[in-house]
Structure formats: C-alpha cells, structure tokens
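Student: Have a look at this prediction, sequence included:
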Amino acid sequence: MTSITNPQTDADLGAEQKVEPTHFQRVSILDPVLQETYTAHLEKEALGWRGWIPQLPEIECKAKTKKDLINTLTIRLREALQAREDAWDKQLEADIAAGKLEHLQEDARRAKKAGQLIDL
C-alpha cells in the first residue's frame, strides 16, 4: 500500500496543529473511449473502500472490495465524461442556433477569399 502524508495545516485549527495524515493508494484508470488516463485515489475504510478522482470532483464512491471500487470508478468516470461531452454538444448547438458563431464562418469566408486557407 502506498502511503501519502498530507502535511498541510488547517487554518481553523491554528498554525501549530496539523491535519491528520491521509493514507491512500493511487491507481491509474484508463477511459476506454478516449484512451486518457486518470488517477484515482483509493482509501481503505473499516467496512470497505472509498475512492475518488481528483480531476473530476463529482466522482467519489464506496465499495466493499478494492476490485469493485475500481470497476465502479471506471464506470462513473465514463459516465461523467459522457455527461460533459453531451453538455458541450448541447451548448455548441445552442450557440449555433443563437448565431454566436457566425463571426467564425465570416472569418473563414474572408480567409478563403484571400487564399489563406490550407486544403486538408
């Protein structure tokens, strides 16, 4: 088990009192769709395991076994990333419908007319 000690002080406790050390394991979780790796933090508790992904604060869960926790974190990671993608697509569609991106189309037309576009 990897132990990490957090030496930060808690402002509410005063400068001389330290926060209790935190012991957890770090595990890499690969998003199967985008092939990006995220770091999950796992902590053993009295009745099982607790885990979270710091890059996505909305992902935190508990499970009875470490294996179940990693599986759950992987599923929740994919769900959270999909929700973010869906929100991005919805916002993009709303911006297009509202005409907020028309200036980009006009910029592209000007660049094409000026011969500044590269054919991909």
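Tutor: Alright, I've got the coordinates. Numbering: from 1, shown residues only.
Student: The chain: helices as residue ranges?
Tutor: 66-97, 102-113 (DSSP state H).
Student: Pick out the shakiest of those, pLDDT-wise.
Tutor: In terms of average pLDDT, helix 102-113 trails the rest of these, at a mean of 88.
Student: And that one, what's buried?
Tutor: Counting neighbours by 16 or more other C-beta atoms under 10 Å, one finds that helix 102-113 has no buried residues. In short, each C-beta sits where N, CA and C put it, glycine included.
Student: So which elements touch the lengthiest strand in the chain?
Tutor: Using DSSP state E, we find that the single longest strand of the chain is strand 37-45. In terms of contacts (3 or more C-beta pairs under 8 Å, 6 or more residues apart in numbering; DSSP states H and E), strand 37-45 is packed against strand 25-30, strand 48-52, helix 66-97.
Student: picking that back up, need the winner for burial among the helices of the chain.
Tutor: Compared across those, helix 66-97 shows the largest average neighbour count, a mean of 14 (mean count of other C-beta atoms under 10 Å).
Student: okay, how far is it across stretch 105-120, tip to tip?
Tutor: From its first residue to its last, stretch 105-120 covers 17 Å (C-alpha to C-alpha, to the nearest Å).
Student: Looking at strand pairing, list the partners for the residue nearest to Gln25 when sequence neighbours are not counted.
Tutor: Spatial nearest neighbour of Gln25, excluding adjacent residues (C-beta to C-beta, 6 or more residues apart in numbering): Leu42 at 4.6 Å. With DSSP bridges as the criterion, Leu42 is bridged to Gln25, Gly51.
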